[in-house]
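**Q** Quick one, fold the following:
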Amino acid sequence: MGDNPVSALVDSATIERMVRERVDAVLDERLEAKLAALKESRTPSMTLIATKGTLDWAYPPFILASTAAALGWNVAIFFTFYGLELLKKDLSPLHVSPLGNPAMPMKMPFGPDWFKSIQWNIPNIVQASIPGFEAFATSMMKMTIHNKGVAEVAELRDACVEAGVKLIGCQMTVDLFGYSRDQFIPEVSDYVGAASFLPMARDADVSLFI
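**A** Prediction:
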């Protein structure tokens, strides 16, 4: 008996389909491996927008930025409005504003443990009526920072500079408040507007507003 041409055609079509499926599978595997390799080799990036210039609010952007930079990320901080205070050469005027932070825990950094564990929930009306209360709260915060061995703001900022974090000032805010660039540290990499910073934030893997 001779070969059945229909059977041969079916076998040929089956083989062709199997070969095509195998090729597609190999290509998919290679593509996934290539994409994974590209993702692995790509350096993550993070942008932060710092808008507050008090002692307590100075810590989040610098801690996050220095940590990300230590992990090898590309990091940029955009300082706008009151956040520009964190770029000034003299950081000593930074203070705590408990009146603007009603949820802020007020604890004493001295005395026996039972005394230090008390959280003093002082009403805003009392805070506002006591002369020098803000200065008192600032001194207590600085004492707490020192007692706990936490780095000062200037040290964290220096760590960011050493790690290559880009410190960017908002030019519009500089003009608005009448600042001079001489008031800020020379390590500020640039002064730009929102239109220049937003594309950086758009392309970053992580973007935070503080």
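**Q** so which helix or strand takes in L208?
**A** Using DSSP states H and E, L208 sits within strand 206-209.
**Q** how about the strands in the protein?
**A** For the chain, the strands defined by DSSP state E occupy 45-50, 74-79, 166-170, 190-192, 206-209.
**Q** Could you dump those strands into JSON lines with mean neighbour count added?
**A** C-betas here are computed from N, CA, C, even on glycine. What follows is the strands of the chain, written out as JSON lines (neighbours: other Cβ atoms under 10 Å):
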{"stretch": "strand 45-50", "mean neighbour count": "23"}
{"stretch": "strand 74-79", "mean neighbour count": "24"}
{"stretch": "strand 166-170", "mean neighbour count": "23"}
{"stretch": "strand 190-192", "mean neighbour count": "16"}
{"stretch": "strand 206-209", "mean neighbour count": "14"}
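**Q** between those strands, which gets nearest to M141?
**A** strand 45-50 (18.4 Å; Cβ to Cβ).
**Q** The closest one to strand 166-170, inter-axis angle?
**A** 40 degrees (axes from the mean of the first three to the mean of the last three Cα atoms, to 10 degrees).
**Q** so what does strand 45-50 touch, helix or strand wise?
**A** Where contact means 3 or more Cβ pairs under 8 Å, 6 or more residues apart in numbering; DSSP states H and E, strand 45-50 is packed against helix 55-70, strand 74-79, helix 194-203, strand 206-209.
**Q** So what are the sheet partners of it and their directions?
**A** strand 74-79 (parallel), strand 206-209 (parallel) (DSSP bridges).
**Q** right, and those strands - which one's nearest M172?
**A** Proximity to M172 (Cβ to Cβ) singles out strand 74-79 among the strands paired with strand 45-50, at 11.3 Å.
**Q** Report the angle between the closest one and helix 55-70.
**A** 160 degrees.
**Q** so which of the helices and strands packed on strand 45-50 is the most packed in?
**A** Per-stretch averages of neighbours, counted by mean count of other Cβ atoms under 10 Å, single out strand 74-79 among these, with a mean of 24.
**Q** Now do that one: distance to the chain's middle.
**A** Relative to its parent chain, strand 74-79 has a centroid offset of 7 Å by Cα atoms, centre = their mean, to the nearest Å.
**Q** got the CA positions of that strand in PDB?
**A** Extracted C-alpha coordinates of strand 74-79, given in PDB (Å, rounded to 0.1, in the frame of the first residue of the first chain):
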ATOM      1  CA  ASN A  74      19.300  58.200  42.000                       C
ATOM      2  CA  VAL A  75      17.700  60.700  44.300                       C
ATOM      3  CA  ALA A  76      16.600  64.300  44.000                       C
ATOM      4  CA  ILE A  77      14.800  66.600  46.500                       C
ATOM      5  CA  PHE A  78      12.900  69.700  45.300                       C
ATOM      6  CA  PHE A  79      12.700  72.300  48.100                       C
END
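**Q** and the angle for it with helix 194-203?
**A** 140 degrees.
**Q** can you list contacts of strand 74-79?
**A** With contacts defined as Cβ atoms under 8 Å, 6 or more residues apart in numbering, strand 74-79 is touched by 43-50, 61, 65, 68-69, 86-87, 160, 163-170, 173, 197, 200-201, 204.
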